[in-house]
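Asker: structure for this input, please:
(2 chains)
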Amino acid sequence: MCPLTKEPMVDPVSLVTGSCFERASITAWFAEGNTIDMRTKLISKWGVEKGYFWAIAGLAADGRQIVTCARAEAGNYLGFYGEEIPTKELCDRVAYYVHLCTLYWWLRPYGSAAILGGYDRDGPQLYMIETSGVAYRYFGAAVGKGSAKTEIEKLKLSQMTCREGVIAVAKIIYNVHDEAKDKAFELEMSWICDESKREHQRVPADLLAEAKWGMWVVLRRRIFRGS
Amino acid sequence: MAEFGCEWNDAPHSMGTTIMAVQYDGGVILGADSRTTTGVYVANRASDKITELTENVYICRSGSAADSQLVSDYARYFLNQHTIQLGQNATVKTAANIVRQLSYGNKSFLECGLIVAGWDKYEKGSVYGIPLGGTILRLPFATGGSGSSYLYGFLDQAWKEGMSKQEAEELVVKAVSLAMARDGSSGGVVRTVIIDSEGVTRHFYPGDKLPLYYEEIAYRPGLEPMTA
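Answerer: Sure, this is the predicted structure:
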(Lines give C-alpha, C1' and ligand atoms only; values in the text may rest on other atoms or scores of the structure.)
Protein backbone atom coordinates (compact mmCIF):
# COMPACT_ATOMS: atom_id res chain seq x y z
CA MET A 1 0.00 0.00 0.00
CA CYS A 2 1.51 3.27 -1.05
CA PRO A 3 1.50 5.79 1.81
CA LEU A 4 0.75 8.62 -0.59
CA THR A 5 -2.08 7.11 -2.63
CA LYS A 6 -3.41 4.61 -0.08
CA GLU A 7 -3.87 2.13 -2.90
CA PRO A 8 -2.08 -1.17 -3.42
CA MET A 9 1.06 -0.43 -5.37
CA VAL A 10 1.10 -1.20 -9.07
CA ASP A 11 4.61 -0.04 -9.84
CA PRO A 12 6.44 0.24 -6.52
CA VAL A 13 9.75 2.00 -6.19
CA SER A 14 11.86 2.29 -3.10
CA LEU A 15 13.91 5.25 -2.15
CA VAL A 16 17.35 5.26 -0.68
CA THR A 17 15.71 6.12 2.63
CA GLY A 18 14.11 2.69 2.60
CA SER A 19 10.52 3.88 2.07
CA CYS A 20 8.41 2.52 -0.75
CA PHE A 21 6.04 4.56 -2.88
CA GLU A 22 3.99 4.19 -6.03
CA ARG A 23 6.20 5.39 -8.88
CA ALA A 24 3.66 7.80 -10.24
CA SER A 25 2.90 9.41 -6.92
CA ILE A 26 6.49 9.86 -5.81
CA THR A 27 7.58 11.30 -9.14
CA ALA A 28 4.67 13.70 -8.87
CA TRP A 29 5.83 14.54 -5.33
CA PHE A 30 9.28 15.43 -6.60
CA ALA A 31 7.87 17.23 -9.60
CA GLU A 32 5.97 19.53 -7.23
CA GLY A 33 9.31 20.50 -5.77
CA ASN A 34 9.17 18.48 -2.55
CA THR A 35 12.29 16.79 -1.37
CA ILE A 36 13.40 14.03 0.85
CA ASP A 37 16.42 14.99 2.85
CA MET A 38 19.17 12.57 1.91
CA ARG A 39 21.07 13.28 5.08
CA THR A 40 18.22 11.91 7.13
CA LYS A 41 19.15 8.55 5.74
CA LEU A 42 21.71 8.57 8.48
CA ILE A 43 20.71 10.64 11.42
CA SER A 44 18.79 13.74 12.22
CA LYS A 45 18.88 14.19 15.90
CA TRP A 46 16.67 16.14 18.14
CA GLY A 47 16.71 16.03 21.91
CA VAL A 48 13.48 15.88 23.82
CA GLU A 49 14.11 16.25 27.52
CA LYS A 50 17.84 16.02 27.91
CA GLY A 51 17.73 12.31 28.69
CA TYR A 52 16.23 11.09 25.39
CA PHE A 53 16.95 11.44 21.72
CA TRP A 54 15.18 10.72 18.45
CA ALA A 55 16.83 9.67 15.21
CA ILE A 56 14.50 10.11 12.25
CA ALA A 57 14.71 8.65 8.77
CA GLY A 58 12.35 9.74 6.04
CA LEU A 59 10.44 12.95 5.55
CA ALA A 60 12.12 15.61 7.65
CA ALA A 61 8.90 17.54 8.20
CA ASP A 62 7.10 14.46 9.47
CA GLY A 63 10.09 13.72 11.65
CA ARG A 64 9.89 17.16 13.20
CA GLN A 65 6.23 16.56 13.94
CA ILE A 66 7.04 13.29 15.70
CA VAL A 67 9.56 15.06 17.91
CA THR A 68 7.12 17.87 18.70
CA CYS A 69 4.57 15.25 19.73
CA ALA A 70 7.20 13.51 21.88
CA ARG A 71 8.15 16.76 23.59
CA ALA A 72 4.51 17.51 24.37
CA GLU A 73 3.97 14.05 25.83
CA ALA A 74 7.13 14.24 27.94
CA GLY A 75 6.17 17.66 29.25
CA ASN A 76 2.62 16.58 29.93
CA TYR A 77 3.77 13.52 31.88
CA LEU A 78 6.21 15.55 33.96
CA GLY A 79 3.53 18.12 34.74
CA PHE A 80 1.01 15.55 35.91
CA TYR A 81 3.11 12.83 37.55
CA GLY A 82 5.97 14.96 38.80
CA GLU A 83 8.73 12.81 37.37
CA GLU A 84 10.51 12.21 34.04
CA ILE A 85 8.59 10.04 31.61
CA PRO A 86 9.94 6.48 31.41
CA THR A 87 11.41 5.76 27.95
CA LYS A 88 8.97 2.94 27.28
CA GLU A 89 6.00 5.13 28.13
CA LEU A 90 7.27 7.87 25.79
CA CYS A 91 7.67 5.34 22.99
CA ASP A 92 4.18 3.91 23.58
CA ARG A 93 2.55 7.32 23.50
CA VAL A 94 4.27 8.43 20.27
CA ALA A 95 3.60 5.04 18.64
CA TYR A 96 -0.07 5.40 19.55
CA TYR A 97 -0.13 8.74 17.74
CA VAL A 98 1.76 7.42 14.69
CA HIS A 99 -0.70 4.52 14.48
CA LEU A 100 -3.63 6.88 14.80
CA CYS A 101 -2.53 8.53 11.59
CA THR A 102 -3.04 5.24 9.75
CA LEU A 103 -6.70 4.92 10.76
CA TYR A 104 -8.54 7.70 8.95
CA TRP A 105 -8.92 8.39 5.27
CA TRP A 106 -8.33 12.09 5.78
CA LEU A 107 -4.98 11.58 7.55
CA ARG A 108 -1.89 10.27 5.85
CA PRO A 109 0.58 8.14 7.76
CA TYR A 110 3.89 9.55 8.84
CA GLY A 111 6.57 9.25 6.18
CA SER A 112 9.28 8.76 8.76
CA ALA A 113 10.48 5.98 10.99
CA ALA A 114 11.85 6.99 14.35
CA ILE A 115 14.42 5.50 16.66
CA LEU A 116 14.15 6.52 20.31
CA GLY A 117 17.01 6.21 22.73
CA GLY A 118 16.75 6.91 26.44
CA TYR A 119 18.63 6.27 29.68
CA ASP A 120 16.17 6.32 32.57
CA ARG A 121 16.00 4.72 36.00
CA ASP A 122 15.52 1.30 34.37
CA GLY A 123 18.75 1.66 32.40
CA PRO A 124 19.49 2.43 28.75
CA GLN A 125 16.78 1.43 26.26
CA LEU A 126 16.31 1.58 22.50
CA TYR A 127 12.97 1.59 20.70
CA MET A 128 11.96 1.95 17.08
CA ILE A 129 8.62 3.19 15.78
CA GLU A 130 7.76 2.32 12.20
CA THR A 131 5.37 4.28 10.01
CA SER A 132 2.64 1.74 10.70
CA GLY A 133 2.74 2.62 14.37
CA VAL A 134 4.35 -0.67 15.37
CA ALA A 135 6.98 -0.18 18.03
CA TYR A 136 9.38 -2.62 19.59
CA ARG A 137 12.33 -2.50 21.90
CA TYR A 138 15.65 -3.26 20.21
CA PHE A 139 19.23 -3.74 21.20
CA GLY A 140 20.42 -2.72 17.74
CA ALA A 141 18.32 -0.95 15.12
CA ALA A 142 18.77 0.67 11.74
CA VAL A 143 16.40 2.44 9.37
CA GLY A 144 17.08 3.24 5.74
CA LYS A 145 19.38 0.93 3.90
CA GLY A 146 18.32 -2.63 4.65
CA SER A 147 21.79 -4.06 4.90
CA ALA A 148 22.63 -1.80 7.84
CA LYS A 149 20.17 -3.76 9.93
CA THR A 150 21.90 -7.07 9.20
CA GLU A 151 25.27 -5.51 9.92
CA ILE A 152 24.12 -4.25 13.32
CA GLU A 153 22.77 -7.67 14.20
CA LYS A 154 26.23 -9.15 13.67
CA LEU A 155 27.74 -7.02 16.43
CA LYS A 156 28.23 -8.54 19.87
CA LEU A 157 26.62 -5.59 21.60
CA SER A 158 26.59 -6.94 25.15
CA GLN A 159 30.39 -7.27 25.06
CA MET A 160 31.15 -3.81 23.73
CA THR A 161 31.74 -0.56 25.52
CA CYS A 162 29.91 2.56 24.39
CA ARG A 163 33.06 3.91 22.75
CA GLU A 164 33.64 0.69 20.84
CA GLY A 165 30.02 0.86 19.76
CA VAL A 166 30.50 4.31 18.28
CA ILE A 167 33.39 3.09 16.12
CA ALA A 168 31.51 -0.03 15.03
CA VAL A 169 28.36 1.87 14.05
CA ALA A 170 30.34 4.43 12.05
CA LYS A 171 32.07 1.61 10.20
CA ILE A 172 28.69 0.10 9.28
CA ILE A 173 27.40 3.42 7.97
CA TYR A 174 30.45 3.86 5.75
CA ASN A 175 30.27 0.24 4.57
CA VAL A 176 26.62 0.52 3.65
CA HIS A 177 27.03 3.79 1.75
CA ASP A 178 27.22 3.13 -1.96
CA GLU A 179 29.65 5.56 -3.62
CA ALA A 180 28.08 5.12 -7.02
CA LYS A 181 24.39 5.43 -6.16
CA ASP A 182 24.24 7.59 -3.00
CA LYS A 183 25.06 11.23 -2.54
CA ALA A 184 27.93 12.34 -0.34
CA PHE A 185 27.08 12.63 3.35
CA GLU A 186 28.33 14.05 6.61
CA LEU A 187 28.58 11.69 9.57
CA GLU A 188 27.05 12.99 12.79
CA MET A 189 26.98 11.00 16.00
CA SER A 190 25.52 11.50 19.42
CA TRP A 191 25.04 9.34 22.45
CA ILE A 192 23.54 8.93 25.90
CA CYS A 193 25.69 6.96 28.34
CA ASP A 194 27.35 7.08 31.72
CA GLU A 195 30.19 9.06 30.16
CA SER A 196 27.78 11.73 28.99
CA LYS A 197 26.18 11.69 32.47
CA ARG A 198 23.04 10.15 31.03
CA GLU A 199 22.40 13.23 28.93
CA HIS A 200 21.99 13.37 25.19
CA GLN A 201 25.21 14.87 23.82
CA ARG A 202 27.28 14.87 20.67
CA VAL A 203 30.01 12.26 20.68
CA PRO A 204 33.29 13.90 21.84
CA ALA A 205 35.40 15.31 19.01
CA ASP A 206 38.30 12.91 19.49
CA LEU A 207 36.07 9.86 19.33
CA LEU A 208 34.26 11.19 16.27
CA ALA A 209 37.61 11.75 14.52
CA GLU A 210 38.56 8.17 15.31
CA ALA A 211 35.22 7.00 13.87
CA LYS A 212 35.63 9.08 10.71
CA TRP A 213 39.06 7.64 10.15
CA GLY A 214 37.16 4.43 9.47
CA MET A 215 35.87 6.09 6.29
CA TRP A 216 39.34 6.35 4.86
CA VAL A 217 40.02 2.71 5.68
CA VAL A 218 36.88 1.60 3.85
CA LEU A 219 37.48 3.90 0.87
CA ARG A 220 41.07 2.80 0.53
CA ARG A 221 39.99 -0.82 0.59
CA ARG A 222 37.45 -0.14 -2.14
CA ILE A 223 39.99 1.61 -4.32
CA PHE A 224 42.38 -1.30 -4.02
CA ARG A 225 39.65 -3.79 -4.77
CA GLY A 226 38.40 -1.64 -7.62
CA SER A 227 34.78 -1.65 -6.43
CA MET B 1 -29.75 22.56 74.11
CA ALA B 2 -31.74 21.93 70.95
CA GLU B 3 -28.67 23.15 69.05
CA PHE B 4 -26.56 20.30 70.38
CA GLY B 5 -29.09 17.75 69.24
CA CYS B 6 -29.15 19.14 65.71
CA GLU B 7 -25.38 19.24 65.53
CA TRP B 8 -25.01 15.57 66.38
CA ASN B 9 -27.38 14.60 63.64
CA ASP B 10 -26.40 16.93 60.86
CA ALA B 11 -22.84 18.19 61.25
CA PRO B 12 -20.38 16.93 58.64
CA HIS B 13 -18.03 14.24 59.80
CA SER B 14 -14.63 15.62 60.62
CA MET B 15 -11.50 13.83 61.53
CA GLY B 16 -9.83 16.17 64.00
CA THR B 17 -7.13 13.63 64.07
CA THR B 18 -3.53 12.96 64.64
CA ILE B 19 -1.73 11.43 61.68
CA MET B 20 1.93 10.93 60.99
CA ALA B 21 4.43 9.06 58.85
CA VAL B 22 8.09 8.39 59.46
CA GLN B 23 10.81 7.17 57.10
CA TYR B 24 13.20 4.66 58.63
CA ASP B 25 16.11 2.67 57.29
CA GLY B 26 14.29 0.19 55.03
CA GLY B 27 10.80 1.66 54.65
CA VAL B 28 8.13 3.86 56.16
CA ILE B 29 5.74 3.70 59.12
CA LEU B 30 2.36 5.43 59.06
CA GLY B 31 0.39 6.05 62.24
CA ALA B 32 -2.99 7.53 63.14
CA ASP B 33 -5.58 7.79 65.89
CA SER B 34 -9.14 6.53 65.31
CA ARG B 35 -11.59 9.26 66.31
CA THR B 36 -14.15 10.67 63.85
CA THR B 37 -16.41 13.43 65.19
CA THR B 38 -19.57 15.24 64.16
CA GLY B 39 -19.30 18.35 66.26
CA VAL B 40 -18.65 17.09 69.80
CA TYR B 41 -20.16 13.65 69.26
CA VAL B 42 -17.73 10.84 68.42
CA ALA B 43 -19.32 9.28 65.36
CA ASN B 44 -16.70 6.54 65.04
CA ARG B 45 -14.24 5.68 67.82
CA ALA B 46 -12.39 3.01 65.86
CA SER B 47 -12.05 4.42 62.37
CA ASP B 48 -9.21 3.53 60.02
CA LYS B 49 -7.60 6.70 58.72
CA ILE B 50 -4.82 4.95 56.87
CA THR B 51 -6.04 3.92 53.43
CA GLU B 52 -4.47 1.98 50.59
CA LEU B 53 -3.74 3.75 47.28
CA THR B 54 -1.65 0.98 45.72
CA GLU B 55 -0.12 -2.13 47.21
CA ASN B 56 3.04 -0.20 47.99
CA VAL B 57 1.65 3.28 48.79
CA TYR B 58 -0.74 4.27 51.58
CA ILE B 59 -2.31 7.60 52.57
CA CYS B 60 -3.12 9.12 55.99
CA ARG B 61 -6.30 11.21 55.94
CA SER B 62 -7.25 14.18 58.13
CA GLY B 63 -9.75 17.03 57.98
CA SER B 64 -13.12 16.51 56.37
CA ALA B 65 -13.82 12.77 56.18
CA ALA B 66 -15.82 13.06 52.96
CA ASP B 67 -13.21 15.20 51.19
CA SER B 68 -10.29 12.99 52.12
CA GLN B 69 -12.18 9.83 51.12
CA LEU B 70 -13.06 11.28 47.70
CA VAL B 71 -9.50 12.40 47.03
CA SER B 72 -8.22 8.95 48.01
CA ASP B 73 -10.76 7.24 45.76
CA TYR B 74 -9.86 9.35 42.74
CA ALA B 75 -6.14 8.90 43.40
CA ARG B 76 -6.59 5.13 43.66
CA TYR B 77 -8.48 5.12 40.37
CA PHE B 78 -5.81 7.11 38.51
CA LEU B 79 -3.01 5.08 40.04
CA ASN B 80 -4.67 1.82 39.07
CA GLN B 81 -4.74 2.94 35.43
CA HIS B 82 -1.19 4.24 35.64
CA THR B 83 0.04 0.91 37.04
CA ILE B 84 -1.56 -0.97 34.16
CA GLN B 85 -0.02 1.36 31.58
CA LEU B 86 3.41 1.36 33.20
CA GLY B 87 3.50 -2.41 33.70
CA GLN B 88 4.89 -2.10 37.21
CA ASN B 89 4.04 -0.53 40.58
CA ALA B 90 3.71 3.24 40.66
CA THR B 91 6.34 5.16 42.59
CA VAL B 92 5.48 6.99 45.81
CA LYS B 93 6.39 10.24 44.08
CA THR B 94 3.85 9.63 41.34
CA ALA B 95 1.14 8.76 43.86
CA ALA B 96 1.90 11.87 45.90
CA ASN B 97 1.81 14.07 42.80
CA ILE B 98 -1.56 12.72 41.73
CA VAL B 99 -2.95 13.42 45.21
CA ARG B 100 -1.40 16.88 45.08
CA GLN B 101 -2.98 17.62 41.68
CA LEU B 102 -6.42 16.74 43.09
CA SER B 103 -5.87 18.70 46.27
CA TYR B 104 -4.46 21.82 44.62
CA GLY B 105 -6.80 21.80 41.66
CA ASN B 106 -9.87 21.76 43.89
CA LYS B 107 -8.46 23.82 46.71
CA SER B 108 -11.47 26.07 47.15
CA PHE B 109 -13.77 23.08 47.68
CA LEU B 110 -11.64 20.74 49.72
CA GLU B 111 -10.52 20.77 53.32
CA CYS B 112 -8.21 17.86 53.96
CA GLY B 113 -4.63 17.37 55.05
CA LEU B 114 -2.98 14.26 53.70
CA ILE B 115 0.23 12.32 54.08
CA VAL B 116 1.30 9.92 51.31
CA ALA B 117 3.97 7.37 52.17
CA GLY B 118 5.21 4.08 50.78
CA TRP B 119 8.03 2.07 49.32
CA ASP B 120 9.29 1.74 45.75
CA LYS B 121 12.44 0.18 44.33
CA TYR B 122 13.97 3.48 43.17
CA GLU B 123 13.68 5.79 46.17
CA LYS B 124 13.02 3.05 48.76
CA GLY B 125 10.90 4.50 51.61
CA SER B 126 9.57 8.02 51.14
CA VAL B 127 7.10 10.32 52.91
CA TYR B 128 5.26 13.23 51.27
CA GLY B 129 3.20 15.77 53.21
CA ILE B 130 0.28 17.36 51.33
CA PRO B 131 -1.40 19.85 53.69
CA LEU B 132 -4.43 22.13 53.05
CA GLY B 133 -4.02 24.06 49.82
CA GLY B 134 -2.13 21.33 48.01
CA THR B 135 1.58 21.93 48.46
CA ILE B 136 3.73 18.85 48.20
CA LEU B 137 6.81 18.42 50.32
CA ARG B 138 9.01 15.37 50.68
CA LEU B 139 10.10 14.95 54.31
CA PRO B 140 11.83 12.37 56.50
CA PHE B 141 8.78 12.55 58.80
CA ALA B 142 5.43 14.33 58.55
CA THR B 143 2.50 15.02 60.85
CA GLY B 144 -1.03 16.28 60.26
CA GLY B 145 -4.40 16.91 61.84
CA SER B 146 -5.39 18.94 64.89
CA GLY B 147 -3.27 16.75 67.16
CA SER B 148 -0.09 17.47 65.20
CA SER B 149 0.28 20.86 66.92
CA TYR B 150 1.33 19.04 70.05
CA LEU B 151 4.00 17.02 68.27
CA TYR B 152 6.25 19.52 66.54
CA GLY B 153 8.48 20.13 69.54
CA PHE B 154 8.44 16.49 70.57
CA LEU B 155 9.50 15.22 67.14
CA ASP B 156 12.17 17.87 66.71
CA GLN B 157 13.79 16.37 69.77
CA ALA B 158 12.94 12.68 69.37
CA TRP B 159 13.35 11.97 65.64
CA LYS B 160 16.74 10.66 64.65
CA GLU B 161 18.11 9.70 61.28
CA GLY B 162 18.63 6.00 60.49
CA MET B 163 16.22 4.51 63.04
CA SER B 164 15.42 0.82 62.93
CA LYS B 165 11.90 -0.44 62.24
CA GLN B 166 11.24 -1.07 65.93
CA GLU B 167 12.54 2.33 67.06
CA ALA B 168 10.51 4.09 64.41
CA GLU B 169 7.29 2.30 65.33
CA GLU B 170 7.80 3.05 69.01
CA LEU B 171 8.28 6.70 68.12
CA VAL B 172 5.07 6.76 66.10
CA VAL B 173 2.99 5.10 68.83
CA LYS B 174 4.47 7.38 71.48
CA ALA B 175 3.82 10.49 69.45
CA VAL B 176 0.24 9.65 68.53
CA SER B 177 -0.51 8.73 72.17
CA LEU B 178 0.85 12.07 73.37
CA ALA B 179 -1.30 13.95 70.90
CA MET B 180 -4.37 11.90 71.81
CA ALA B 181 -3.83 12.80 75.46
CA ARG B 182 -4.02 16.55 74.79
CA ASP B 183 -6.19 16.93 71.68
CA GLY B 184 -9.93 16.52 72.22
CA SER B 185 -10.48 15.66 68.56
CA SER B 186 -8.05 12.73 68.66
CA GLY B 187 -8.50 9.52 70.60
CA GLY B 188 -9.52 5.89 70.49
CA VAL B 189 -6.89 3.43 69.32
CA VAL B 190 -3.61 3.80 67.49
CA ARG B 191 -3.23 2.10 64.11
CA THR B 192 0.13 1.72 62.39
CA VAL B 193 1.04 0.53 58.90
CA ILE B 194 4.58 -0.55 58.05
CA ILE B 195 5.59 -0.59 54.37
CA ASP B 196 8.91 -2.01 53.22
CA SER B 197 10.38 -4.07 50.39
CA GLU B 198 8.60 -7.18 51.67
CA GLY B 199 5.12 -5.67 51.78
CA VAL B 200 2.64 -4.17 54.22
CA THR B 201 2.08 -4.97 57.91
CA ARG B 202 -0.70 -3.53 60.06
CA HIS B 203 -0.57 -3.14 63.83
CA PHE B 204 -3.28 -2.20 66.30
CA TYR B 205 -2.81 -0.67 69.76
CA PRO B 206 -6.02 -0.54 71.83
CA GLY B 207 -6.46 2.18 74.44
CA ASP B 208 -5.24 0.07 77.35
CA LYS B 209 -1.99 -0.84 75.59
CA LEU B 210 -0.91 2.76 75.12
CA PRO B 211 1.67 4.43 77.38
CA LEU B 212 0.32 6.80 80.03
CA TYR B 213 1.57 10.31 80.46
CA TYR B 214 1.35 13.12 82.99
CA GLU B 215 -2.00 13.28 84.75
CA GLU B 216 -3.50 10.45 82.74
CA ILE B 217 -5.57 7.86 84.53
CA ALA B 218 -5.08 4.18 83.74
CA TYR B 219 -7.85 2.41 81.87
CA ARG B 220 -10.16 0.45 84.14
CA PRO B 221 -12.64 -2.08 82.85
CA GLY B 222 -16.13 -0.62 83.29
CA LEU B 223 -19.12 -2.72 82.48
CA GLU B 224 -17.52 -5.94 81.25
CA PRO B 225 -17.84 -7.97 84.51
CA MET B 226 -21.60 -7.34 84.44
CA THR B 227 -21.97 -8.85 80.99
CA ALA B 228 -19.60 -11.83 81.44
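Asker: elements contacting the one helix or strand residue B:191 maps to?
Answerer: If you go by DSSP states H and E, residue B:191 is part of strand B:190-196. When contacts are defined as 3 or more C-beta pairs under 8 Å, 6 or more residues apart in numbering or on different chains; DSSP states H and E, strand B:190-196 packs onto strand B:27-32, strand B:57-64, strand B:112-120, helix B:165-182, strand B:200-205. Where you see a C-beta, it was placed from the backbone N, CA and C, and this is true even at glycine.
Asker: chain center to the strand or helix carrying residue A:153, what's the gap?
Answerer: Assigned by DSSP H and E, residue A:153 belongs to helix A:146-154. Counting by C-alpha atoms, centre = their mean, to the nearest Å, helix A:146-154 is centred 14 Å from the centre of its parent chain.
Asker: can you give me the angle the helix or strand following it makes with helix A:146-154?
Answerer: For helix A:146-154, the succeeding helix or strand toward the C-terminus, using DSSP H and E, is helix A:162-176. Compare the direction of helix A:162-176 with that of helix A:146-154 by axes from the mean of the first three to the mean of the last three C-alpha atoms, to 10 degrees and you get 150 degrees.
Asker: report the rounded mean pLDDT for helix A:162-176.
Answerer: Helix A:162-176 shows a mean pLDDT of 85.
Asker: other SSEs contacting the following helix or strand past that helix?
Answerer: Note on helix A:162-176: by DSSP H and E, the next helix or strand toward the C-terminus is strand A:190-191. With contacts defined as 3+ C-beta pairs under 8 Å, 6+ apart, the packing partners of strand A:190-191 are strand A:201-202.
Asker: what about the nearest residue to residue B:25 once chain neighbours are set aside, neighbour count?
Answerer: Spatial nearest neighbour of residue B:25, excluding adjacent residues (C-beta to C-beta, 6 or more residues apart in numbering or on different chains): residue B:162 at 5.1 Å. Neighbours of residue B:162 under the rule other C-beta atoms under 10 Å in any protein chain shown: 8.
Asker: ranges for the strands of the chain?
Answerer: Just going to use chain A. A:12-14, A:20-22, A:45-47, A:52-58, A:112-120, A:123-129, A:135-138, A:190-191, A:201-202 (DSSP state E).
Asker: switch to chain B, please.
Answerer: For chain B, the strands defined by DSSP E cover B:14-15, B:19-24, B:27-32, B:36-38, B:41-44, B:50-54, B:57-64, B:112-120, B:124-130, B:137-139, B:141-144, B:190-196, B:200-205.
Asker: in stretch B:157-166, what's buried?
Answerer: Residues residue B:163 are the ones in stretch B:157-166 that count as buried (16 or more other C-beta atoms under 10 Å in any protein chain shown).
Asker: let me see the residues that make contact with that stretch.
Answerer: Here stretch B:157-166 makes contact (C-beta atoms under 8 Å, 6 or more residues apart in numbering or on different chains) with B:22, B:24-27, B:29, B:140-141, B:167, B:171, B:174-175, B:194, B:196.
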